[in-house]
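Sequence first, predicted model second:
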Amino acid sequence: MITSHTNGYVQEASAPGVSHRERAVDCPGQEGSLIKSPHCSVHMERIQHYHEELRKRREGDHKGKHDIDPNTSLRLKKLSQNPKMGIDNPTFEEKEKAPKEVTSLEPVVALSGSSLCARLSELEELLQVLKWVQQCLMDSQSQQDVETIMQLLTKEEFRNAYTIYSALSQQMSRVSPTSPLTVQAQDLCQEVQRVLQTSQQKEGLELSALLTNPHLQALMQAHDIVAVQELTEESVTQYLGETVKLVRLQKARDTPLGATVRNDLDNVVVSRVVKGGAAERSGLLSEGDEILEINGIPIRGKHVNEVHDLLQEMHGTLTFLLIPTSHNKPAPHRQTVMHVRAYFDYDPSDDLFVPCRELGLSFQKGDILHVISQDDPNWWQAYRDGDEDNQPLAGLIPGKSFQQQRESLKKTIPDRSQEQQGKIWCSKKSKKLRRKNTSTLNRNTDHDDILTYEEMSLYHQPANRKRPIALIGPANSGYDDLRRRLLSIEPEKFAVAVPHTTRNPRIHERNGREYHFVSRSAFETDLAAGKFIESGEYEKNLYGTSMDSVRHVVNSGRICLLCLHTRSLQVLRSSNLKPFVIFIAPPSQERLRTLLATDGKTVKLEELKEVIENAREMDVNYSHFFDATIVNFDPDQAFQELRRLIDKLDTEPQWVPTSWLC
Ligand code: 5GP
């Protein structure tokens, strides 16, 4: 399969006989839809005819728009005929033609005689009304007030001012605001900067400094956004019983329109409109609209790849002639953004099913994605966190159920072996697996145990309940040293959870300080009840960290520091402790050897390799649970980075699973 890309419409090029991607999701089973058919000549004739009509009408509209109403200013009329004439420079002829009443203000504006009379008769009418009001009023003060107004209305200066005001307001309502000359002010700006790069002249340097000024750049950006909206328009007309829509869009160079097309017999139909593109922003192109023409070029009968090539060359004003979709446009519903954390890596270039690879959004496990459209349940539209400012066009990502179904299909064989494991490890899971065999109705529910995306929300930790910090990493990666350093530097800020043990207390040890000393049976009961985050056996004694011990530290207002194995992460996450998980990764093998040697530790090559390999495995299997990663290349720098991350929890909200906040 060959892929191709256009700035505007993006479409997968299919090899002959190979099913088309866009069609595979949007129009299942329509294998014949890509087959090209000859132009439909009757239709084309009608369209040509219609186009001619539109052209004439547009010419007419255009003329009408720029003609100056004879009732308005002669001066402006003159100006429209001779644009070089300055408004402060009236001609002699003009002065002569201007009505006498306004000569004192003539340099500003002049009125035709009939218009002037109309204005003055309005004033006379007002005076009559006021006279009548005055007679009706009983108290002398009110009569006096009306008298004052009447005196004002008869004053020469007032009458002139009123006449000018009326003329101007009439003028303003007739002359439409200036149309933008370009929607690419930013591009032009960059082009000028490129040209000026080699310039050593004073003026060149000055202009360059002006153009790189952030305020000016922001102004250009704002201009282009407004200009695109100004130049976008739509008109709907009936032609031979068919409703056709004429849509004018602005397409900047190198800026995608953000839509896809598909062939439907010999028709070219808008298949998908992507959020953030010019097509979506204009609101004028809809999924299902048939494109008849683009800038007068007939489109019906063309293969989508031809449309793609055509649009790639086009920019500026694009005029689309469309047959609007007969399907009722869904009522515009407020799209709520859903924030998710991805639990799988995704590369659209590896995905056979993505409707359009070029619009696919690649991401990695652990990335936060902002899903802005789920209109197509199979292909959501999303931005990667942080990308939304410099990447206006959203990308396609597999929808949750769609991805779960794919994962489930992929796992069909491995699932059998997991089923065995499930029976040993988790009775809940084996029940689920049994249900899967007996019922197909609950298919979606059954896929819920396949992790694809987790909904996330922003959470700002309260000052008196700090999130526990869980340090994760392979032995010798230095996480334990980092924890010790934090505890020794700020013991009033950080603390560890007091562990439980079944061994006997030593002489200096006090229950609840070094350990909670408990009987083996009490420990095992708590373990079975799921009260421990982690546990282990050492020299026939049980040891473990309980959730309650962590909670005790949290309630004391201090930050609980935990060093955990990755297998404890799931339990910790399902508690309500809202941990912040930091992965401490080892540096390169050589650097690790040097660091350990500095600490007086000599380790074998195999051990070094094992540390690196363990870290890699942890990263592959658990990176989606890590809130941050620190590569421990330099212990001091790693410590500073750790402090920075911990401090950030006080100042910035962080993404946490939405389920934690329910
Ligand atoms: P000790 O009995 O000498 O205090 O500790 C014996 C071992 O138990 C040490 O290796 C120590 O790291 C480990 N240990 C202490 N507390 C815990 C705990 O909460 N969980 C686990 N898994 N091991 C612990």
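Nice, I can see it.

where does the chain dip in pLDDT?
1-118, 171-180, 228-242, 254, 328-335, 413-448 (pLDDT under 70).

What residues does it have near the ligand?
499, 503, 534-536, 538, 543-545 (CB under 6 Å from any ligand atom). C-beta: built from backbone N, CA, C; applies to glycine.

Next, the buried residues of stretch 123-141.
The neighbour-count check on stretch 123-141 (16 or more other CB atoms under 10 Å) flags 123, 134 as buried.

circling back to that earlier point, pull out the buried members of the residues of the chain next to the ligand.
499, 534-535, 543-545.

From these, pick the one nearest residue 146.
residue 545 (88.9 Å; CB to CB).

check which helix or strand covers that closest one.
strand 541-546 (DSSP states H and E).

which SS state does the residue most central in space within the chain fall under?
Central residue of the chain (CA atoms, centre = their mean): residue 388, 4.4 Å from the mean position. Classification of residue 388 using DSSP: H, G, I helix; E, B strand; the rest coil returns coil.

So it versus residue 652, what's the distance?
Taking CB to CB, to the nearest Å as the measure, residue 388 falls 17 Å from residue 652.

how about the helices in the stretch 351-500 of the chain?
400-410, 412-425, 427-438, 443-447, 479-489 (DSSP state H, counting those that start in this stretch).

could you say what helices and strands the last one packs with?
So that's helix 479-489. Using 3 or more CB pairs under 8 Å, 6 or more residues apart in numbering; DSSP states H and E, the elements in contact with helix 479-489 are strand 469-472, strand 494-495, strand 559-564, helix 635-651.

Which single residue in the stretch 551-662 of the chain comes nearest to the ligand?
residue 565 (8.3 Å; CB to the nearest ligand atom).

Show me which residues of the helix or strand residue 168 falls within are buried.
For residue 168, the host element (DSSP H and E) is helix 156-174. Residues of helix 156-174 classed as buried by neighbour count (16+ other CB under 10 Å): 159, 162-164, 166-167, 170-171.

cool, stretch 281-290 as well?
281-282, 284-287, 289-290.

Quick one: those residues as CSV, columns for secondary structure too.
Shown next, in CSV, are the buried residues of stretch 281-290 (three-state DSSP):
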residue, secondary structure
281, helix
282, helix
284, coil
285, coil
286, coil
287, coil
289, coil
290, strand
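
give the contact list for residue 467.
By CB atoms under 8 Å, 6 or more residues apart in numbering, residue 467 lies in contact with 461, 559, 577-580, 649.

out of these, which one sits closest to residue 586?
Nearest to residue 586 among the contacts of residue 467, with distances taken as CB to CB, is residue 580, at 20.8 Å.

Okay, and the beta partners of the closest one?
residue 469 (DSSP bridges).

and the lengthiest strand in the chain, what does it pack onto?
What stands out as the longest strand in the chain, according to DSSP state E, is strand 242-251. Counting contacts by 3+ CB pairs under 8 Å, 6+ apart, strand 242-251 packs against strand 233-239, helix 278-282, strand 316-323.

Go again with 10 Å.
helix 41-66, helix 214-230, strand 233-239, helix 278-282, strand 290-294, strand 316-323 (3 or more CB pairs under 10 Å, 6 or more residues apart in numbering; DSSP states H and E).

In its sheet, which strands sit next to that strand, and in what direction?
When DSSP bridges is applied, strand 242-251 pairs with strand 233-239 (antiparallel), strand 316-323 (antiparallel).

Not counting sequence-adjacent ones, nearest residue to the residue nearest to the centre of the chain?
In space, and not counting its chain neighbours, residue 388 is closest to residue 370: 6.5 Å by CB to CB, 6 or more residues apart in numbering.

what's the answer for residue 642, then?
In space, residue 642 is closest to residue 482, 5.7 Å off (CB to CB, 6+ apart).

Surely that neighbour touches residue 472?
No: assessed by CB atoms under 10 Å, residue 482 is found out of contact with residue 472, at 11.5 Å.

Overlap of the contact sets of those two?
563, 582, 584 (CB atoms under 10 Å, 6 or more residues apart in numbering).

neighbour-wise, which of those residues leads?
residue 584 (24 neighbours; other CB atoms under 10 Å).

Pick out whichever of the buried ones among the residues of the chain next to the ligand sits closest to residue 456.
Ranked by distance to residue 456 (CB to CB), these are led by residue 534 at 24.9 Å.

Pairing partners for the regular element (helix or strand) spanning the closest one, with directions?
Counting by DSSP H and E, the element that carries residue 534 is strand 532-538. In the sheet containing strand 532-538, its partner strands are strand 541-546 (antiparallel), by DSSP bridges.

On the C-terminal side of the strand it pairs with, identify the next helix or strand.
Trace forward from strand 541-546 with DSSP H and E and the next one is helix 547-555.

same for that next one, what does it pack against?
By 3+ CB pairs under 10 Å, 6+ apart, helix 547-555 packs against strand 494-495, strand 532-538, strand 559-564, helix 569-574.

now with 6 Å?
strand 559-564 (3 or more CB pairs under 6 Å, 6 or more residues apart in numbering; DSSP states H and E).

Quickly run through the sheet partners of the strand it packs on, with directions.
strand 469-472 (parallel), strand 494-495 (parallel).

Could I get these in JSON lines, plus columns for mean neighbour count?
Shown next, in JSON lines, are those (neighbours: other CB atoms under 10 Å):
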{"stretch": "strand 469-472", "mean neighbour count": "24"}
{"stretch": "strand 494-495", "mean neighbour count": "20"}
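
What's the local residue count around the one residue in the stretch 101-250 of the chain that gets nearest to the ligand?
Proximity of the stretch 101-250 of the chain to the ligand (CB to the nearest ligand atom) peaks at residue 214, 53.5 Å away. Neighbours of residue 214 under the rule other CB under 10 Å: 7.

One more: residue 410?
11.

Using the three-state scheme, assign the closest residue to the ligand within the stretch 151-300 of the chain.
In the stretch 151-300 of the chain, the residue that lies nearest the ligand is residue 275 (48.7 Å; CB to the nearest ligand atom). Counting by three-state DSSP, the backbone at residue 275 sits in coil.
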